[in-house]
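Visitor: one predicted model, sequence on top.
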Amino acid sequence: AQAYQTAPEKILWGRWLCIGLRNVARTQAGFSQQEEALRSYEQAAAIRQQLAFDNPAVPSLKSDLYKAWLDLGNYQRELGKKTAADRSFRAARRVLENIPRNTPAELFELALVYAELAKPAEESADLPADEAAELHDYADLAVQTLQRAVDAGYQDAETLETDDSLAALRDRKDFQLLEKQLRARQLAASDADNVKEDDRDLAVEVLRELRDLVGERPTQPRHRQALADGLHAVAVTENGLEQHDAAEQALNEEMPLRVALQKEAPENPGFNVDLGAVWIALGQVCWKSERFTDAVQHWKTGLKQLESARSLDADYPSLRQRVASLERTVFQRYGEIGMWERAAEYVSRNLLEGATYDGGWDSRFAHLLGVLGRWEEHDRACRLLVDRWGRTQTQVTWVAALNPHLTLDRAELIQLAENSIRPGKTELANFW
């Protein structure tokens with residue numbers, strides 16, 4: 001505190017002071033020192049506000065500020081100070097609405113603020129009409145923003161289902177639909193080779209609940225999309241358990257829903273990717289049931305459908321990452337049977353265009369360039385992988401070490417290797 005008072009322009013000292021105040025406030029609250037804890041939260045918010053005002057070119061300070069307002073508002077609500085809490089939540093909202101919200105996490109945080117503002121002062125069925133209308137408007141904003149977060153790639157179904165800040169939304173059917181839809185998407189993203197019966201049973205239960213919410217023949221696009229997500233989750237988990245007929249049946253029911261959505265909004269990149277995912281999933285079913293010709297045809301159709309999303313890196317990073325994951329599932333199959341040229345198409349589509357989304361898998365695919373003797377391309381892929389994942393992925397070290405041209409200088413390669421084989425870092429490192 002003394003350092004900050006001496007030189008308040010020092011951002012780092014101010015941040016340290018606020019972290020200390022937050023920790024003190026939590027300790028004070030734990031010992032029921034309510035007034036002291038409240039003052040500590042208020043002081044932290046005031047310092048955060050001054051830091052953000054004095055340094056408008058530092059966007060992270062605005063993020064710190066809205067979190068400080070949330071901390072204060074949550075504690076004020078805990079103390080029963082509804083009016084004061086609402087002021088703090090509105091302050092958090094003003095900050096959030098005036099900073100860019102480009103990521104799923106940022107949209108989710110804004111939704112939490114709206115959801116807090118949707119909570120009544122106390123449980124009561126006799127709210128004044130104007131207050132009830134205001135709470136309803138905030139609840140609408142919360143659900144709409146959550147939907148935007150999910151559409152942008154938010155994936156944490158557990159947090160959506162358990163976060164106390166969302167309590168005011170849980171009786172709403174649109175929120176329940178969103179919960180089930182996100183759970184279905186999470187199940188559909190399961191590793192097909194590690195699906196358990198519990199996963200399939202949960203997918204079937206989620207689909208049943210979605211049908212209850214939207215009916216057997218939904219007409220609203222959002223309802224049809226949610227039902228299609230539920231069917232896709234069932235298909236993926238059934239196929240993972242070698243129940244190919246059940247998987248294909250679910251996909252055949254999903255297909256017309258996806259086709260209709262894509263035709264109604266062809267400019268929506270998500271609908272295009274969803275439709276491509278159905279074709280690729282059909283190909284996986286055919287492949288696992290040894291209908292290889294059908295599998296290849298379905299994959300060709302799916303990959304062509306995904307082409308429309310290949311230029312979406314800047315505005316749709318999570319969607320572009322999903323495209324790469326879908327492509328990987330196809331080209332991995334070719335690699336498993338020794339069709340190296342076909343498998344290496346994944347590298348051409350991604351690494352050689354400067355895109356890498358999974359250091360482990362992308363490193364495995366990069367080895368194909370060496371197998372095929374395409375060392376100049378291997379150099380480029382190697383440099384990209386090291387720059388993006390070098391210190392976090394052991395497999396990247398293998399790629400760099402196997403390149404005979406020594407894309408990296410010796411000192412850099414030795415440093416990378418030493419970091420990778422540090423005992424206990426990974427099972428692979430322990431093996432080394």
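Guide: Received, thanks. Model, not experiment: these values are computed from the prediction.

Visitor: averaged pLDDT, stretch 77-87. What do you get?
Guide: Average pLDDT, stretch 77-87: 89.

Visitor: what of stretch 174-188?
Guide: Average pLDDT, stretch 174-188: 95.

Visitor: what does it contact?
Guide: 143, 146-147, 150, 154-155, 157, 160-161, 166, 169-170, 199, 202-203, 206-207, 209-210, 213-214, 222-223, 225-226, 229-230, 232-233, 235-237 (Cβ atoms under 8 Å, 6 or more residues apart in numbering). Every residue, glycine included, has its C-beta placed from N, CA and C.

Visitor: using PDB, list the CA coordinates for it.
Guide: Taking Å, rounded to 0.1, in the frame of the first residue of the first chain, the C-alpha atoms of stretch 174-188 are listed here in PDB:
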ATOM      1  CA  ASP A 174     -34.700 -21.500 -23.100                       C
ATOM      2  CA  PHE A 175     -31.900 -21.800 -20.500                       C
ATOM      3  CA  GLN A 176     -32.700 -25.500 -19.900                       C
ATOM      4  CA  LEU A 177     -32.500 -26.000 -23.600                       C
ATOM      5  CA  LEU A 178     -29.100 -24.300 -23.700                       C
ATOM      6  CA  GLU A 179     -27.800 -26.500 -20.900                       C
ATOM      7  CA  LYS A 180     -28.900 -29.700 -22.700                       C
ATOM      8  CA  GLN A 181     -27.500 -28.500 -26.000                       C
ATOM      9  CA  LEU A 182     -24.100 -27.700 -24.600                       C
ATOM     10  CA  ARG A 183     -24.000 -31.100 -22.800                       C
ATOM     11  CA  ALA A 184     -24.800 -32.800 -26.100                       C
ATOM     12  CA  ARG A 185     -22.000 -30.900 -27.900                       C
ATOM     13  CA  GLN A 186     -19.600 -31.900 -25.200                       C
ATOM     14  CA  LEU A 187     -20.500 -35.600 -25.600                       C
ATOM     15  CA  ALA A 188     -20.300 -35.300 -29.400                       C
END
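
Visitor: re earlier: make a ChimeraX selection of the buried ones in the contacts of stretch 174-188.
Guide: For the buried members of the contacts of stretch 174-188, the matching ChimeraX selection, counting by 16 or more other Cβ atoms under 10 Å, is:
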select :143,146,147,150,154,157,160,166,169,199,202,203,206,207,209,210,213,214,223,225,226,229,230,232,233,235,236,237
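
Visitor: in helices only, show me the contacts of stretch 174-188.
Guide: 143, 146-147, 150, 157, 160-161, 199, 202-203, 206-207, 209-210, 213-214, 222-223, 225-226, 229-230, 232-233, 235-237 (DSSP state H).

Visitor: what's the span of stretch 350-357, first residue to last?
Guide: 9 Å (Cα to Cα, to the nearest Å).

Visitor: please apply the same query to stretch 183-195.
Guide: First residue to last in stretch 183-195 (Cα to Cα) measures 15 Å.

Visitor: list the buried residues in that stretch.
Guide: Arg183, Ala184, Arg185, Gln186, Leu187, Ala188, Ser190, Val195.

Visitor: with distance to Ile47 and secondary structure as extra columns, can I get the residues you listed in TSV?
Guide: Formatted as TSV, the buried residues of stretch 183-195 follow (distance: Cβ to Cβ, whole Å; DSSP: H, G, I helix; E, B strand; the rest coil):
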residue	distance to Ile47	secondary structure
Arg183	40	helix
Ala184	44	helix
Arg185	40	helix
Gln186	39	helix
Leu187	44	helix
Ala188	45	helix
Ser190	45	coil
Val195	50	coil
